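Undergrad: Predicted coordinates and the sequence they were generated for:
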Amino acid sequence: MVGGDASCYFPFEFQGGYITQNTVTPEGAVRYSRVNITENAIPLWGMCHKRRDNNVILMTGSEEASCYRCFHLKLVSKNVLRVLAADKDYLSKCHTNEEKALASCLSDDDLLNEAKNTEIILYKFHEWDGAEVRQEYCPIHGRYRMTYSVDSSDTADAIECDSVESEVDNCPSGSALNLRFRNCAFPDREVTFECLGHWRGFGNRNYLALLSTGNESHLGPKYRCATYTENPKTGEIEISFSRDSTCRAIERQYVRHPNSRYTNGNGIGSEYHHEVLTLRPIPLEFGPVIQYCSFPSWLIGRWEHVVVNQNQLIYKDHNTFKTYTMKCVKNYTNHDSNKYIVYSQTQCGEEMYQCLKIERRDTNVFEFQISSRQSANYTATICNDFYFNDDRWLTQGRLDSNDIVSPCPIIGEFSGIIPDDEGLCAKLSSECESQDIMYYQISACDYANEVYEEREYRCLGQWTHRNIVYTYTQRRDVGTYECFVGTMLSDRQIFIKEAGEHCQRDVNPHRFGMELNKVAHCTPPQVFKSPGRPTHKYSEVPQPTQRPGLPVNGGGAGGHSGVLAGTSGNHFHQSCKNISC
């Protein structure tokens, strides 16, 4: 929490240019406006005045005539920011002081009650530095036969397409959905949606944000929000679209003003919209496979980019946007029991034999490699060590792993100076009553209240490689996965550094990392714990006397209380490169 008189800044993941729905014409056309988020402001909405968790107080005007508003901001995916406000007229209503604005912030109950909040969906179209947004993988992959129907008060007759010749696929890129309408009640057409993001919303509903790449409005507005459900037995998927670019006009009737063109004579509106795309999977055909093996039981489940059952592994490559469906053919036991020959097929129908090398790092973390050689025919030679690089792994965290706690490698509070960024200091601290939670804060060294960024991490697992410990984490504020490497020279001094997106192995935290020294340790837990969220409980650490450095412990993948380790694509302090630090 940024409190007191601390400065207020937005994380760089929030910063950039966005599109949001402005108005809808009587004909149903959606008009958009642009919203820009800088490091400390949302122009037209206000300057960042104070942040408390996901709530932010924005201020406009002067000190003599200030106007304060409270918004709830949640980055539901990399390219979609969900904003909630208490009033529909959120830009015209404001409060005269900070206290009233804080009191107006939505409560936890109000956040779950759609009748008590207004939702604004922001679709990002460029990053803070002007770069194009990164592609996002669609949650739907493969080939499907589709049916499409629209039943809306905007149309005199329902629109339907139930031709068996209409299909959906995401070839060549897993970041898009290609809809091919054939022999429907309307002329043949093709529509392509780019996937902007997907997330789990209220009531465990799955949401999907889409961008239509065509200029013609064949299938609704340019930006679309939808919910989707999947039948786990049949694989059938049903996508329900919003009538506009919001996420609250899905399968819903509306009460409109008495002079609405959709009234039933009693002044009660009857506007409705039901637009559904039903997908039935076209099964993959694995022709030459005549025998199968099984993957280890600990691997079965859902991971970041991997889904595993007994003899099948589906991997979504976020670099090439190819989806590989791999059938386990043989456990390569000649030399290593962790290698598996698989028969792979991409979403475009490309087929090949490959070899997987799989290593369990911790309960919630595993790493794997795909052999650099592939073959059209079965051969055990693709599993030779020559086709693997021990310094290039793909790291995966287990999804829905809240029941399995993996303690973080630090206990207490550490602080230090960020190298190469003059005047910036960092603080790393553990959640004393939740061993798997830690916090990271960047601030001005001379002004402790000048806080530039705060992050919250959940530790998923840790392991040792070449006397360096890696810790894999999930950022709870934006949902990404990051990894850090570290060493500890004493119980009061650690060195940490980012290690790339997939825990690269050539990182030396002691030589190139950041030095952090312990300034407080956790106090013993209270006998009577509060039912609310646990809080930090620290007592100061006395100034240490000089003591020699301790050798790094090169133990196995158990608990490493003496070292912080991990991966991540971004520097801890990267966000400060674009603010006035």
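TA: Yes, it's here.

Undergrad: all helices of the stretch 151-300 of the chain, in order?
TA: Using DSSP state H, counting those that start in this stretch, no helices are found in the stretch 151-300 of the chain.

Undergrad: now the strands for it?
TA: Under the criterion DSSP state E, counting those that start in this stretch, the stretch 151-300 of the chain carries strands at the ranges 159-161, 167-169, 176-181, 189-200, 206-212, 223-230, 237-241, 273-281.

Undergrad: Identify the neighbouring strands of the last one in the sheet and state each direction.
TA: Sheet pairing for strand 273-281, assigned by DSSP bridges, gives strand 144-152 (antiparallel), strand 237-241 (antiparallel).

Undergrad: and this structure, what are its domains?
TA: When the chain is parsed with automatic domain parsing, its domains come out as 16-127, 144-281, 302-396, 413-527+534-578.

Undergrad: which residues touch residue 496?
TA: Contacts for residue 496 (CB atoms under 8 Å, 6 or more residues apart in numbering) come out as 428, 484-486, 509, 513-514, 516, 564, 572. Heads up, the C-betas are built off the backbone N, CA and C, glycines and all.

Undergrad: and if we set it to 7 Å?
TA: The contact partners of residue 496, by CB atoms under 7 Å, 6 or more residues apart in numbering, come to 484, 486, 509, 513-514, 516, 564.

Undergrad: wait, isn't residue 221 in contact with residue 246?
TA: No - the criterion here is CB atoms under 7 Å, and residue 221 misses it with residue 246 at 9.8 Å.

Undergrad: Between the two, which is the more surrounded one?
TA: Neighbour count, other CB atoms under 10 Å: between residue 221 and residue 246, residue 221 has more, with 23 against 20.

Undergrad: Please report phi then psi for that one.
TA: Main-chain dihedrals, residue 221, degrees, to the nearest 10: phi -70, psi 170.

Undergrad: Equivalent analysis for residue 500, please.
TA: Per degrees, to the nearest 10, the backbone of residue 500 is at phi 80, psi 180.

Undergrad: looking at the sheet around it, what are its partners?
TA: When bridges are called by DSSP bridges, residue 500 pairs up with residue 568.

Undergrad: quick one: contacts for residue 238?
TA: Contacts for residue 238 (CB under 7 Å, 6+ apart) come out as 228-229, 276, 278.

Undergrad: Go through these and give me the one with the most neighbours.
TA: Highest neighbour count within the contacts of residue 238: residue 228, with 18 neighbours (other CB under 10 Å).

Undergrad: excluding its backbone neighbours, what's nearest it?
TA: Using CB to CB, 6 or more residues apart in numbering and skipping the chain neighbours, the partner closest in space to residue 228 is residue 239 (4.7 Å).

Undergrad: which stretches of the stretch 151-300 of the chain have low pLDDT?
TA: Scanning the stretch 151-300 of the chain for pLDDT under 70 picks out 152-158, 216-218, 251-273.

Undergrad: so residue 141 is in which element?
TA: For residue 141, there is no enclosing helix or strand under DSSP states H and E.

Undergrad: residues touching it, list them.
TA: The neighbours of residue 141, taking CB under 7 Å, 6+ apart as the test, are 170, 174, 323, 347.

Undergrad: What's the separation between the second one and residue 406?
TA: It refers to residue 174. The gap separating residue 174 from residue 406 is 30 Å, by CB to CB, to the nearest Å.

Undergrad: between these two, who's got more neighbours?
TA: The neighbour count for residue 174 versus residue 406, taken as other CB under 10 Å, is higher for residue 174 (26 against 22).

Undergrad: Apart from its neighbours in sequence, what residue is nearest that one?
TA: Closest residue to residue 174 apart from its sequence neighbours, by CB to CB, 6+ apart: residue 321 at 4.1 Å.

Undergrad: Can you tell me how far that neighbour is from residue 136?
TA: Computed as CB to CB, the residue 321 to residue 136 distance reads 10 Å.

Undergrad: Now the common contact residues for the two.
TA: Jointly contacting residue 321 and residue 136 under the rule CB under 7 Å, 6+ apart are residue 175.

Undergrad: Among the contacts of residue 496, which ones are in strands?
TA: Judged by DSSP state E, strands contain the following of the contacts of residue 496: 484, 486, 514, 516.

Undergrad: Residue 404 contacts residue 365, doesn't it?
TA: No - using CB under 7 Å, residue 404 makes no contact with residue 365, being 10.7 Å away.

Undergrad: Now do the helices in the stretch 1-150 of the chain.
TA: Taking DSSP H, counting those that start in this stretch as the test, the helices found in the stretch 1-150 of the chain are 98-103, 108-112.

Undergrad: which residues does the closest residue to residue 50 other than its chain neighbours contact?
TA: Among residues not flanking residue 50 along the chain, residue 57 sits closest, at 4.4 Å (CB to CB, 6+ apart). With contact taken as CB under 7 Å, 6+ apart, residue 57 is in contact with 49-50, 68, 70, 98, 101-102.

Undergrad: got it, and residue 397?
TA: Residue 397 makes contacts with 303-304, 364-365, 460, 472, 474, 481, as judged by CB under 7 Å, 6+ apart.

Undergrad: Residue 69 too?
TA: Residues in contact with residue 69, defined by CB under 7 Å, 6+ apart, are 46, 58, 90, 94, 101.

Undergrad: where's the dip in pLDDT among the residues you listed?
TA: Taken together, the contacts of residue 69 show their lowest pLDDT at residue 90, with 79.

Undergrad: what residue ranges in the stretch 351-500 of the chain are flagged as low confidence?
TA: Scanning the stretch 351-500 of the chain for pLDDT under 70 picks out no residues.

Undergrad: sorry, back to before: between the contacts of residue 141, which is nearest residue 445?
TA: Taking CB to CB as the measure, residue 174 is the one of those closest to residue 445, at 44.2 Å.

Undergrad: how much space between that closest one and residue 191?
TA: Separation of residue 174 from residue 191 (CB to CB) stands at 17 Å.

Undergrad: in the strand or helix carrying residue 488, what counts as buried?
TA: Assessed by DSSP H and E, residue 488 sits inside strand 481-490. Residues 481-489 are the ones in strand 481-490 that count as buried (16 or more other CB atoms under 10 Å).

Undergrad: Flag every buried residue along stretch 290-310.
TA: 293, 295, 299, 303, 305-306, 308.
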